[in-house]
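Engineer: Structure, please.
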Amino acid sequence: MIQLHDVDLKLLRVFNTIVKCGGFSAAQAALNVAQSTISEQMGHLETRLGVKLCERGRSGFRLTEQGQAIYEATQRLLEAVEEFCVDADVLKRQISGTLNLGVIDTTITDPACPLKMTTQRFVQRGHEVHLHVYIGTPAELEERVLDSRLHLAVGHFPLRVPGLSYSPLYQESHGFYCGRNHPLFGSLGPKVNLLERIAASRVVARGYLQQRDLQALGVDKPAATVDNVEAQAMLILSGAYAGFLPEHYARQWVESGDLEHLEPGRLRLLSAFEVITRRGAAPPLILRAFLDELMQCTRALTV
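Structural biologist: Numbers count the residues shown, from 1 in each chain. Sure thing, here's the model as predicted:
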């Protein structure tokens, strides 16, 4: 019986690549070695196994009968090695490395957001993970996930970018607000003409909402445009503008009397929050573990 060593496994990986590429010449780029080196490695493997694996010449590259059998056995071996490595990582119950997470701004005050619970549970499992968190606009988050600067991102993504996967998480509720010094603040009269008064006011909108906020108000053009919620809150708190804000984020200023929530039952938007990842190769273990925790926490918060 042949005893396999590390060098044999390495040579079998070379053989596997040669067959998949269709010959020695085609495998040079994939293996990043000279053709003479590949020939030498194949010679060593044939000596170790005691069989001739392939024929090559003017008629091209082809496997011998024994070579075909060895190739099929190599496929089973490499798959088993890969499964062993994955199982060993899981059995360690400890994951190490860096996880790059992107988040849209002002999610910290949202009780429906599962990120706080997810982070707590993920860390408590003893994973030796360095967590890097980036706060950005939806477009920035999508770009960074697409070019692999981020493993995943959570936010509201109105558009669909090719190459990304979108998975639903929860919904964020937005109300319409004005500041203490705004003409609409503290109106005691009937509000039947509220939309007309809003249309005559300065409205601040978030560019990435694709005019959903403006359409809800019947407003054609905003008086100001922002890229994030904090900038929108600043303009609304100034009293010069009115606009939509996440209800969980605006609550602190409503309670202090600095903001008024106008027509809560009528002027309301729902933003679907999703987690995005890059399509393509299988995700690394660190990402799979965090996503699994994220989905479990999302389900726990929605029951």
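Engineer: Show me the strands in this protein, by range?
Structural biologist: 54-55, 62-63, 96-103, 128-135, 152-156, 164-179, 204-206, 224-226, 242-246, 259-262, 268-278 (DSSP state E).
Engineer: Select, out of these, the one closest to Phe24.
Structural biologist: strand 54-55 (8.8 Å; Cβ to Cβ). Every residue, glycine included, has its C-beta placed from N, CA and C.
Engineer: Point out the other helices and strands that that closest one packs with.
Structural biologist: strand 62-63 (3 or more Cβ pairs under 8 Å, 6 or more residues apart in numbering; DSSP states H and E).
Engineer: who touches the strand it packs on?
Structural biologist: 19, 53-56, 71 (Cβ atoms under 8 Å, 6 or more residues apart in numbering).
Engineer: of those residues, closest to Pro283?
Structural biologist: When the contacts of strand 62-63 are compared against Pro283 (criterion: Cβ to Cβ), the nearest one is Val19, at 27.7 Å.
Engineer: Quick one: residues contacting that closest one.
Structural biologist: 63, 71.
Engineer: Could you check how far it is from Gly43?
Structural biologist: As judged by Cβ to Cβ, to the nearest Å, Val19 and Gly43 stand 16 Å apart.
Engineer: Which pLDDT value goes with the closest residue to Leu259 other than its chain neighbours?
Structural biologist: Nearest non-adjacent residue to Leu259, counting by Cβ to Cβ, 6 or more residues apart in numbering: Trp253, 4.0 Å away. We note a pLDDT of 97 for Trp253 in this prediction.
Engineer: re the thing from before, out of the contacts of strand 62-63, which is nearest to Gln28?
Structural biologist: Of all the contacts of strand 62-63, Gln28 sits closest to Arg56, with 13.5 Å by Cβ to Cβ.
Engineer: burial of the closest one, as a residue count?
Structural biologist: 14 (other Cβ atoms under 10 Å).
Engineer: In contact with it, which residues are there?
Structural biologist: Counting by Cβ under 8 Å, 6+ apart, Arg56 has contacts 23-24, 62.
Engineer: show me where pLDDT drops low in this protein?
Structural biologist: Scanning the chain for pLDDT under 70 picks out 1-7, 83, 85-94, 187-192, 303.
Engineer: any idea how far the spatially most distant residue from the centre of the chain lies from Gly175?
Structural biologist: Going by Cα atoms, centre = their mean, the residue of the chain most distant from its centre is Arg58, 49.5 Å out. To Gly175, Arg58 is 77 Å away according to Cβ to Cβ.
Engineer: With Gln232 instead?
Structural biologist: For Gln232 relative to Gly175 (Cβ to Cβ), the value is 12 Å.
Engineer: And those two? Which one has more around it.
Structural biologist: Legend: neighbour count by other Cβ under 10 Å for Gln232 and Gly175, higher for Gln232 (26 against 20).
Engineer: Disregarding flanking residues, what is the spatial nearest neighbour of that one?
Structural biologist: Here the residue nearest Gln232, using Cβ to Cβ, 6+ apart, is Val226, at 4.7 Å.
Engineer: Mutual contacts of Gln232 and Gly175, please.
Structural biologist: 244-245.
Engineer: can you name the two of the contacts of strand 62-63 that are farthest apart?
Structural biologist: Pairwise distances across the contacts of strand 62-63 peak at 14.7 Å for Arg56 and Tyr71 (criterion: Cβ to Cβ).
Engineer: got a list of what Glu55 touches?
Structural biologist: 61-64.
Engineer: With Val204 instead?
Structural biologist: Val204 touches 222-226, 232, 235-236, 241-243, counting by Cβ under 8 Å, 6+ apart.
Engineer: picking that back up, just the closest of the contacts of Glu55 to Gly163, please.
Structural biologist: The nearest member of the contacts of Glu55 to Gly163, counting by Cβ to Cβ, is Phe61 at 34.7 Å.
Engineer: which ones are touching Asp105?
Structural biologist: 135-136, 228-230 are the contacts of Asp105 under Cβ under 8 Å, 6+ apart.
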